[in-house]
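> Here is a sequence with its predicted model. Questions after.
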Amino acid sequence: KQAGFKTYWLSNQYALSDTLVTAISSQADWEKSYNYSGMKRFEKTGFDGDMLPDIEKILNDKSVSKKIVFVHLIGSHSAYTNRYPSDWVYFKDNFERKNLSAQGHQFLNAYDDSIRYTDYVVNKIIDMTKKQEDLSFCLYFSDHGEDIYDSNETKILGHSELANEPMTTIPFFIWLSNKYRNKRR
């Protein structure tokens with residue numbers, strides 16, 4: 001804000017309540033929560049894709065020349081089956097891990113489907129930003145990873161204070177518009 005940008009915060013991870021995250025997000029000029037379950041992250045929330053119409057509206061608003069949009073996804077937090085629409089199921093058989101039960105394979109497939117849906121949402125955000133043909137970029141990173149049978153074939157860890165390599169290895173990438181690339185060479 002101090003650099004003259006209008007700031008936007010869209011979150012599907014936490015409802016608007018008193019947390020460290022909301023202390024930061026409340027500083028934004030415009031803020032909206034899509035999480036209708038409060039702090040109950042295992043409950044069903046809105047889907048991350050529900051934010052796309054508002055993101056598109058913000059990006060298409062030509063009355064604001066300098067803007068920064070923070071999009072706080074729920075992504076692949078458990079319960080994974082709650083993170084994508086029911087018609088989004090893609091992975092049905094995953095028997096590469098022989099020690100897993102049928103329920104374990106279903107859990108792993110749901111996690112993979114949640115990753116696939118997150119990839120879809122992030123791709124849509126990049127596509128919308130790309131259409132602006134402006135000096136812009138998208139930066140993506142996850143707040144943590146998940147241990148899905150990686151360190152122990154019989155136990156689901158997800159993420160916890162007992163962080164291990166799968167929990168601390170996160171995706172991180174940046175997409176730059178052509179105008180941004182050309183100006184910053």
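Structure received.

> Helices of the chain, start to end?
For the chain, helices defined by DSSP state H occupy the ranges 20-25, 52-60, 102-131, 165-168, 178-183.

> Give me whichever of these is most buried.
By mean neighbour count, with neighbours taken as mean count of other CB atoms under 10 Å, helix 102-131 ranks first of the helices of the chain at a mean of 17. All C-beta spots, glycine's among them, are computed from the backbone N, C-alpha and C.

> For that helix, what is the distance to the chain centroid?
Centroid separation for helix 102-131 versus its chain: 9 Å, with CA atoms, centre = their mean, to the nearest Å.

> on contacts alone, who are the packing partners of it?
Packing partners of helix 102-131 (3 or more CB pairs under 8 Å, 6 or more residues apart in numbering; DSSP states H and E): helix 52-60, strand 137-141, strand 172-176.

> please redo it, this time with the cut-off set to 10 Å
Secondary-structure packing of helix 102-131 (3 or more CB pairs under 10 Å, 6 or more residues apart in numbering; DSSP states H and E): helix 52-60, strand 67-72, strand 137-141, strand 172-176.

> just checking, what packs against the third one?
Looking back up the chat, that one is strand 137-141. strand 67-72, helix 102-131, strand 172-176, helix 178-183.

> Apply 7 Å and report the result again.
With contacts taken as 3 or more CB pairs under 7 Å, 6 or more residues apart in numbering; DSSP states H and E, strand 137-141 sits against helix 102-131, strand 172-176.

> nearest to Val69, of those?
Val69 lies closest to helix 102-131 among those, at 8.6 Å (CB to CB).

> what angle sits between that closest one and strand 137-141?
160 degrees (axes from the mean of the first three to the mean of the last three CA atoms, to 10 degrees).

> pLDDT (mean, whole number) over helix 102-131?
Helix 102-131 comes out with an average pLDDT of 92.
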